[in-house]
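*Asks:* missing the sequence, but the structure's below:
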């Protein structure tokens, strides 16, 4: 009789332990695409907080701006964190996708900067100098606007963030505008006179926007805040809501300010 009781107790104990183990592993998986810096680093910072809330955040890192949206559109991943509104609008139009911004999910702004290994200030640009800018429409317009702000070119409509090289109405130094994929711009620095580089790629290349940029955007009133994007069927899910809430904390704000020292600016 005693043997039977002990055996029954052991079985119940094992079942209880198994139940606890199952509960511990019953976390909702949230798969998010991100650029390596700063996006993936910020997501890794909040992973423990989400884990405590029952969300297993799985970050997949991409080094380009196309695959993160395609992976979400194809339902391989649940959301992404790497882009701004002009880029998403352009991407959806060109690729016939329907990626949406998760409402009120702005996280940070990355001021766009100009870098060179050949000159120390914009006034040193020679006539016919080669200036590399991003090839995607949203970032090329952003780069041209920054060149116009510095007086290096004039645009037909300076307020048009989608300006192209065809909108240049004055180019006193006859600058040669060369469009390259954003990820290639840091590697192109030795071969061009000036390159306008997204801050995430500048940071990956160990460039310090605060020290190395010849000139840089102001972070104020920028339309280029980076946010969480998803599909319409997933943008309002509880896990995505928890992700946005975890990103909008005083701890995340301090992490961004301390780690990136002005190269990345909180947008919440």
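*Replies:* Structure's in. What do you need? Every value quoted in this text rests on a predicted model; they were computed, and no experiment measured them. Residues are numbered from 1 along each chain as shown.
*Asks:* next, residue 143: secondary structure please.
*Replies:* Recorded secondary structure, residue 143: helix (DSSP: H, G, I helix; E, B strand; the rest coil).
*Asks:* is it true that it touches residue 115?
*Replies:* No - counting by C-beta atoms under 8 Å, residue 143 stays clear of residue 115, with 11.7 Å between them. Glycine gets a C-beta too; all of them are placed from N, C-alpha and C.
*Asks:* list the helices and strands the host helix or strand of residue 57 packs on?
*Replies:* Taking DSSP states H and E as the definition, residue 57 sits inside strand 55-61. Strand 55-61 is packed against strand 28-34, helix 41-52, helix 238-247, with contacts defined by 3 or more C-beta pairs under 8 Å, 6 or more residues apart in numbering; DSSP states H and E.
*Asks:* returning to that earlier point: and residue 143 and residue 115? Which one has more around it.
*Replies:* residue 143 (25 against 22; other C-beta atoms under 10 Å).
*Asks:* got a list of what the more buried one touches?
*Replies:* Taking C-beta atoms under 8 Å, 6 or more residues apart in numbering, we find residue 143 in contact with 112, 133-134, 196.
*Asks:* and the two most separated of the residues you listed?
*Replies:* Using C-beta to C-beta, the pair of the contacts of residue 143 lying farthest apart is 112 and 133, separated by 9.9 Å.
*Asks:* list residues touching both of the two?
*Replies:* Listed as contacting both residue 112 and residue 133 by C-beta under 8 Å, 6+ apart are 139, 143, 196.
*Asks:* any idea how far residue 245 is from the closest residue to the last one other than its chain neighbours?
*Replies:* In space, residue 196 comes closest to residue 143 once its chain neighbours are excluded; the distance is 4.0 Å by C-beta to C-beta, 6 or more residues apart in numbering. Taking C-beta to C-beta, to the nearest Å as the measure, residue 143 and residue 245 are separated by 34 Å.
*Asks:* what comes up buried for the strand holding residue 57?
*Replies:* Neighbour counts over strand 55-61 (16 or more other C-beta atoms under 10 Å) mark 55, 57, 59 as buried.
*Asks:* export the residues you listed to TSV and tack on pLDDT and distance to residue 268?
*Replies:* Formatted as TSV, the buried residues of strand 55-61 follow (pLDDT from 0 to 100; distance: C-beta to C-beta, whole Å):
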residue	pLDDT	distance to residue 268
55	98	19
57	98	18
59	98	20
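*Asks:* measure the spatially most central residue of the chain to residue 204 for me?
*Replies:* Nearest residue to the geometric centre of the chain (C-alpha atoms, centre = their mean): residue 82, 2.3 Å. Distance, residue 82 to residue 204, by C-beta to C-beta: 12 Å.
*Asks:* how about low-confidence regions in the stretch 1-150 of the chain?
*Replies:* Scanning the stretch 1-150 of the chain for pLDDT under 70 picks out the ranges 1-25.
*Asks:* could you check how many residues crowd around residue 49?
*Replies:* Under the criterion other C-beta under 10 Å, the count of neighbours that residue 49 has is 18.
*Asks:* hmm, it is touching residue 247, no?
*Replies:* No - if you go by C-beta under 8 Å, residue 49 and residue 247 don't touch, sitting 9.7 Å apart.
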